[in-house]
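>>> quick one, structure for this:
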Amino acid sequence: MVCCATLKQDIEMGGAPPSELPGIKTGRSTENVKRGSMCNLYSNTMPRQAQLGLFKVSDNRASAFEPLPAIFPGSNAPVVCKAGDGDREIALLSWGFVLLMKGAVPKRVTNFRDDKINSPFWRRSVEQRRCLVPVTSFAEPKGKRPAIWHWFALNEEREAFAFAGIWRSYKGPLKKDGETVEIDTYAFMTTWPNELVASVHPTRMPVMLVGEAAQDQWISGSTDEALELVRSYPADKMMVVQEGLDRKDLMVSSPANGARS
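Below you'll find the predicted structure:
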């Protein structure tokens, strides 16, 4: 299954700076903030049938997949997008847009900043190829040797939500001087962290879409409407559910556990 296969694909590797997208004001300067990478590990442990109900996808429009307690860059994971006929589907996409690096290994770019959406690398996907990335928890490390992984979720039951994602098709190498491949890739948006996430990662957190209304607005609304959702999720509505050396979520969420309305 190829996600939204009938839509025209674009190469977005360069070009002149585009005019600004409407509807978003970052309100803070980033020049003096350390730009650490973030959220390169998350889980989606909801059973397939539960995800079909939560994200309003017919069984025949969804790939086969199992619960995933650890999703790393380059992994294939379920993503909800709109097909060419307007219906939703769940396809397995590869995590990380591919950025070609002259003389070096291509880089997988797993997320994008809310203050960088006007970049030609991201802009067309934000306007035309928004998707939902199903999530039950995400992790950030604190410290080194060893790093302690802090897993964030809505609650102990790992209630499902979605990251504000975008997708695009890629044709080219994944390794330096490697063979050409054709894959569909995805990434998701980050913004300034709330107090809880900032205690572990002080500069960024994913844009979290909790509940049917927000998810519908992101995937089906106009660009202006989608960008109204770009904000930090309230710290008092989520929690740290696991801390330690494990780079996977040790709890599988309940099949009956659904997203908030």
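
>>> going forward, measure contacts and count neighbours with C-alpha atoms only.
OK.

>>> output the below-cut-off pLDDT ranges for the stretch 151-261 of the chain.
252-261 (pLDDT under 70).

>>> run through the strands of it in chain order.
161-172, 181-191, 205-206, 208-209, 239-244 (DSSP state E, counting those that start in this stretch).

>>> which of those strands sits most buried?
Comparing the strands of the stretch 151-261 of the chain by mean neighbour count (mean count of other CA atoms under 10 Å), strand 208-209 comes out on top with a mean of 27.

>>> just to check, residue 68 is in contact with residue 41?
No. Assessed by CA atoms under 8 Å, residue 68 is found out of contact with residue 41, at 11.1 Å.

>>> bridged to residue 171, which residues?
With DSSP bridges as the criterion, residue 171 is bridged to residue 182.

>>> how about it, what does it touch?
Residue 171 sits next to 180-183 when contact means CA atoms under 8 Å, 6 or more residues apart in numbering.

>>> at 10 Å what do you get?
By CA atoms under 10 Å, 6 or more residues apart in numbering, the contact set of residue 171 is 11, 98, 180-184.

>>> for residue 182, see how far away it is.
Remark: distance between residue 171 and residue 182 (CA to CA, to the nearest Å) = 4 Å.

>>> residues touching residue 198, list them.
By CA under 10 Å, 6+ apart, the neighbours of residue 198 are 192, 204-205, 235.

>>> burial of residue 237, as a residue count?
9 (other CA atoms under 10 Å).

>>> can you tell me the closest non-neighbouring residue to it?
Leaving aside its sequence neighbours, residue 237 sits nearest to residue 154 (CA to CA, 6 or more residues apart in numbering; 6.4 Å).

>>> do the same with residue 123
Using CA to CA, 6+ apart, the nearest residue to residue 123 is residue 117, at 5.5 Å.

>>> what's the burial count for that neighbour?
By the criterion of other CA under 10 Å, residue 117 has 20 neighbours.
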